[in-house]
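1. Got a predicted model here, sequence first, then my questions.
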Amino acid sequence: QVRLVESGGGLVQAGGSLRLSCAASGRTFGDYVMGWFRQAPEKEREIVARISASGQSTLYADSVKGRFTISRDFAKNTVYLQMNSLKPEDTAVYFCAASLGRNILRNTFDYWGQGTHVTVSS
């Protein structure tokens, strides 16, 4: 079992920055891939970024590449999503999720956080 708790969402102006955090507990932190997803109103959920179990590999959606950075802190069992140059179209509920194992390309995420709202005003 993995428990995930997100924080750090809020309201920001376009061009600004936010850092989301996802605190994990339960299984050994290095035993799973972590991902950040988002879901905007009336849109399907999409994956934004993922990071390998070791923290050495990352993947990003084209829409956020160069603006967002995912990282994980093994001392704090926390995954971060640093979001820079935010745009109104980044407005969504952001979720972190854990995919058991070490395959960064595995598309099944087994545990989910409750989500945190991000609103980017124009």
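-> Right, received. Where do you want to start? Numbers count the residues shown, from 1 in each chain.
2. The helix or strand encompassing residue 6 - contacts with which helices or strands?
-> Element membership of residue 6 [criterion: DSSP states H and E] is strand 2-7. Strand 2-7 sits against strand 18-26, strand 92-100, strand 111-112, with contacts defined as 3 or more C-beta pairs under 8 Å, 6 or more residues apart in numbering; DSSP states H and E. (Glycine included, C-beta is placed from N, CA and C.)
3. For residue 59, which of those is the nearest?
-> Nearest to residue 59 among these is strand 92-100 (11.9 Å), distances taken as C-beta to C-beta.
4. so where's the chain shaky on pLDDT?
-> Scanning the chain for pLDDT under 70 picks out nothing.
5. Please enumerate the strands of it.
-> For the chain, the strands defined by DSSP state E cover 2-7, 10-13, 18-26, 32-39, 46-51, 58-60, 68-73, 78-83, 92-100, 111-112, 116-121.
6. Let's have these in TSV, adding mean neighbour count.
-> Formatted as TSV, the strands of the chain follow (neighbours: other C-beta atoms under 10 Å):
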stretch	mean neighbour count
strand 2-7	17
strand 10-13	13
strand 18-26	18
strand 32-39	23
strand 46-51	21
strand 58-60	16
strand 68-73	18
strand 78-83	22
strand 92-100	22
strand 111-112	16
strand 116-121	17
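7. Done for today, thanks.
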